[in-house]
Every structure is written in C-alpha cells, then in structure tokens.
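> what follows is a protein structure lacking sequence information:
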C-alpha cells in the first residue's frame, strides 16, 4: 500500500504546484485591467491571462481530486468559461467599435 | 429525415453526457435531466442548424496542442506587458479577410482570435474581421493565418477556396 500512497502524494503536490503557477496569471490579468489605457487593451488582459490562470488551477485541482468524474467536471467548467469569455470579449469589443470608441494609440 | 434523426440523436447524446458529467451517478437527477436534455437538443437544432461541415478528429488532435500553446503564449505576453515598469503597448487595428465560409467556422475563428497572443477580434462583417492588437510589431498575419488553417483542417474545409475570392 505504501507505493500507492506515495503516488497520491506526488499527484497532490504537482497539483499544488500547478495551482501556484496559475495564480500569477490571475494577478497579471487584474494588474493589466487596472494599468492598461483603454477598453480594448483591458479586454486583452482579462480574457487571455485569466483563461491561462484558470487552466492551470483547473488542471491542478484535477490532479488533486484523484477522480475521473471530478476531472471531467473541471474540464467542462474550463471549456464553458473559455467559450463564455471569448464570446463576451468579442461582444464588448464590437459594441465599443459600434459606439465609435477609438482605440488608444502610442503617440 | 434519417439524417435529421441522426443529428437529433447526436445532440441528445452530447447533452446527456454533459448532464452526466455535471450530476454524476445520481439517478434521481434524470427526472430533471431528461426534459432538460430534450429541450436543449431541440433548442440547439433550431438556434444552430446542422451545417454541412463535419469536425475532423485529426483536426481536433492538431488543434488542441496548437490552441493550448498559443493561449499560454497569450497569457505570458499579457503578463509581461502588465507587470513591466515600461510601457510596452503599441495597440492598433488591423483588418483580415478570411476564406472561411459563413457560419460556425467563421464564428469559431473569430472567437479563437481573442485567445491568440496579442490579438482580439473586435468586429466581424461578412468575411472581414477587424482585429485589435496589443502590439503592431507582433507577427499578426502569420499567427492569424496559422489559426485560419487549423480551423479549416478542423472543419474539413479546403483552404484552396481562397483562390475563388
């Protein structure tokens, strides 16, 4: 039984590592949201960084769960978030374009 | 009609597996699940009628690693620009004309542009996509063309069609 436990430990700790890897992406997404100059650049920060961060957190939790059912559920959540965030990102950018909001440019 | 029944059956199968993933082995949940799956399948057939394009399994296998790698690069790129003490942005708009046919292929293409490094689809008008980029110095054309070919392979669309435009 000892090797099985060791195996679980490795899974658990690599899961923790993946979750920790995901956190800086969430942080930089939020920093970008505050620091970037206009609506379009802020959308970049939110969608891209958060999707990668969530990907890492989801795979870390999947490794820790040790169950295929939970893993499938987590992957489904990630997929749904990907679809929702890219679609809403496009819709926000499109409505900004239609309102004639000019993108910030470097002088 | 046979084709329609097959489509309906495939959607039922798809939504049933989503329900199964969400609820697990709890059989009583199917009292809500069966009507929900039937309504979802019916709605999805009216809202998104079956297209002539079928998804290729090889295309999916090529697309997944490409997509994961590109979104990772996109995340790193945003992180670098957000955390750097210098101003690393040089945003601008570019227009791209796609050969992908109208419908699910084009919409999928527009949505995945937003997950590539430094690009975001801002408007979709016919076959022209307006793209906002974080940095005009990025190889935007090469990236988008790569994505376009991957989407074409995914939906079994021949890229030769570009010559007709």
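Yep, it's here. A quick note: this is a predicted structure, and the numbers were derived from the prediction, not measured.

> by contact count, what packs against the lowest-mean-pLDDT helix or strand in chain B?
Of all the helices and strands that make up chain B, helix B:2-23 has the lowest average by mean pLDDT, DSSP states H and E, namely a mean of 86. Counting contacts by 3 or more Cβ pairs under 8 Å, 6 or more residues apart in numbering or on different chains; DSSP states H and E, helix B:2-23 packs against helix A:68-98, helix B:30-47. Quick note: C-beta positions are derived from backbone N, CA and C, even for glycine.

> residue B:98: what's its closest spatial neighbour, skipping adjacent residues?
Nearest non-adjacent residue to residue B:98, counting by Cβ to Cβ, 6 or more residues apart in numbering or on different chains: residue B:127, 5.4 Å away.

> residues in contact with residue B:119?
B:113, B:131-134, B:138, B:140, B:143-144 (Cβ atoms under 8 Å, 6 or more residues apart in numbering or on different chains).

> hang on, the earlier thing: ok, which of the helices and strands packed on helix B:2-23 comes nearest residue B:84?
helix A:68-98 (22.6 Å; Cβ to Cβ).

> quick one, domains of chain B?
Annotated domains of chain B cover B:2-47, B:57-164 [automatic domain parsing].

> out of those, nearest to residue A:71?
domain B:2-47 (9.7 Å).

> circling back to that earlier point, out of the contacts of residue B:119, the closest to chain A would be?
Using Cβ to the nearest Cβ, residue B:132 comes nearest to chain A of those, at 4.5 Å.

> quick revisit: what are the contacting residues of the least confident helix or strand of chain B?
A:69, A:72-73, A:76, B:29-30, B:33, B:36-38, B:40-41, B:44-45, B:50.

> for chain A, what's the nearest residue on chain B?
For chain B, Cβ to the nearest Cβ, closest residue to chain A: residue B:75, 3.0 Å.

> from the contact counts, what lies against the host helix or strand of residue B:109?
Residue B:109 belongs to helix B:104-113 when assigned by DSSP states H and E. Judged by 3+ Cβ pairs under 8 Å, 6+ apart, helix B:104-113 is in contact with helix A:68-98, strand B:119-125, strand B:128-133, helix B:140-154.

> what packs against the first one?
Packed against helix A:68-98 by the contact rule (3+ Cβ pairs under 8 Å, 6+ apart) you find helix A:39-44, helix A:50-65, helix B:2-23, helix B:104-113, strand B:119-125.

> next, see if the shortest one gets close to chain B.
Yes. Legend: contact between helix A:39-44 and chain B by Cβ under 8 Å from any Cβ of the partner chain is shown at A:40-41, A:43-44.

> ditto for the second one
Yes. Remark: helix A:50-65 sits within contact range of chain B at A:51-53, A:55, by Cβ under 8 Å from any Cβ.

> got the angle between the longest helix along chain A and helix A:50-65?
Ranked by number of residues, the top helix in chain A under DSSP state H is helix A:2-35. Angle, helix A:2-35 to helix A:50-65, by axes from the mean of the first three to the mean of the last three Cα atoms, to 10 degrees: 160 degrees.

> buried residues, helix A:2-35. List them.
Neighbour-count burial for helix A:2-35 flags A:15, A:18-19, A:21-22, A:24-26, A:28-33, A:35 (criterion: 16 or more other Cβ atoms under 10 Å in any protein chain shown).

> once you drop chain neighbours, what's closest to residue A:82?
Closest residue to residue A:82 apart from its sequence neighbours, by Cβ to Cβ, 6+ apart: residue A:51 at 5.9 Å.
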